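1. Here is the input, now give the coordinates:
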Amino acid sequence: MVTILQLETATQVCSAALSVNGETIALKELAAQNIHAGSLTLFISEVMEKAGLAYADLDAIAVSKGPGSYTGLRIGVSTAKGLCYALDKPLIGVDTLKMMAQGFLQATADYTGLVCPMIDARRMEVFTGLYDTQLAEVLAVEAKIIDETSYQEQLSKQLITFIGDGAMKCSETILSANAAFSALNFNSAANMSSLAYAAFTAGHFEDVAYFEPYYLKDFVITQAKKKV
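-> Below is the predicted model:
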């Protein structure tokens, strides 16, 4: 029996889950701004208590590794690494966009199109990738500025469902009968379960000492417009 603690903090969603052999058994999450630092460890405690497990019962820690919010990713990865050090457990990094696509595909079993997860990166830019129903990359992960030409080649051939907190802002720009948009949340630690379990059974672990989030873009500090 493989028990994995899973953490997702790449967006405004703060989420912790437990899985056993790839099936989610406990989940605690909330979508709100700037809650990760104060809520993540509490959510971890809640799911552990809900499942009736001790930390020694864990076999690994999995964390959403990005792309996504710089601050959110730092909090999630730092927490995961701290637990791995303290408990002497392996660390699993899960691609955030692939996790989102997996969540959508699990919720729509008969779907035959492509899935395009989008994480809002401000203005008309998103962190995104494009996946088929087997989670194979059709287009590589990138920071993409969306305009009227985006995805038109793929949309001319098949249905694409755009998901994530960056998707709805693109619905008036990406115009096609083959374009669908979902406002549902797929940034959930529960959507890591099968991916984390597959990584564990394959022995795909991160180096706890050197693992860093996948930011995709450099972090830029902007000056406030208003003086305090």
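
2. Please list all residues in contact with the residue positioned nearest the centre of the chain.
-> Centroid-nearest residue in the chain: T96, 2.9 Å away (criterion: C-alpha atoms, centre = their mean). T96 sits next to 8, 10, 64-68, 117, 119, 187, 214 when contact means C-beta atoms under 8 Å, 6 or more residues apart in numbering. For the C-beta atoms, the positions are set from N, CA and C on the backbone; glycine is no exception.

3. What about the residues you listed, which one has the most neighbours?
-> Neighbour tally across those (other C-beta atoms under 10 Å): the maximum, 34 neighbours, falls on S64.

4. measure that one to I145 for me?
-> Separation of S64 from I145 (C-beta to C-beta, to the nearest Å): 24 Å.

5. can you give me the helices in the chain?
-> Secondary structure of the chain (DSSP state H): helices at 36-51, 70-87, 96-107, 152-155, 193-202.

6. Please identify the deepest-packed of those helices.
-> Among those, ranked by average contacts under mean count of other C-beta atoms under 10 Å, first place goes to helix 96-107 (a mean of 23).

7. residues in contact with Y197?
-> Each residue near Y197 by C-beta under 8 Å, 6+ apart is listed here: 2, 4, 19, 21-22.

8. what about Y111, how many residues close to it?
-> Y111 sits with 14 neighbouring residues when counted by other C-beta under 10 Å.

9. And the one 4 residues further on, by the same measure?
-> Other residues near V115 number 29, with proximity taken as other C-beta under 10 Å.

10. Name the nearest residue to it, sequence neighbours excluded.
-> Distances taken as C-beta to C-beta, 6 or more residues apart in numbering place A101 nearest to V115, at 4.4 Å, with adjacent residues excluded.

11. wait, doesn't the one you found sit right on A136?
-> No - using C-beta atoms under 8 Å, A101 makes no contact with A136, being 10.2 Å away.

12. any low-confidence regions in this protein?
-> Regions of the chain meeting the criterion pLDDT under 70 cover residues 218-228.

13. Domains of it: list them as residue ranges, please.
-> 3-95+187-202, 97-181 (automatic domain parsing).
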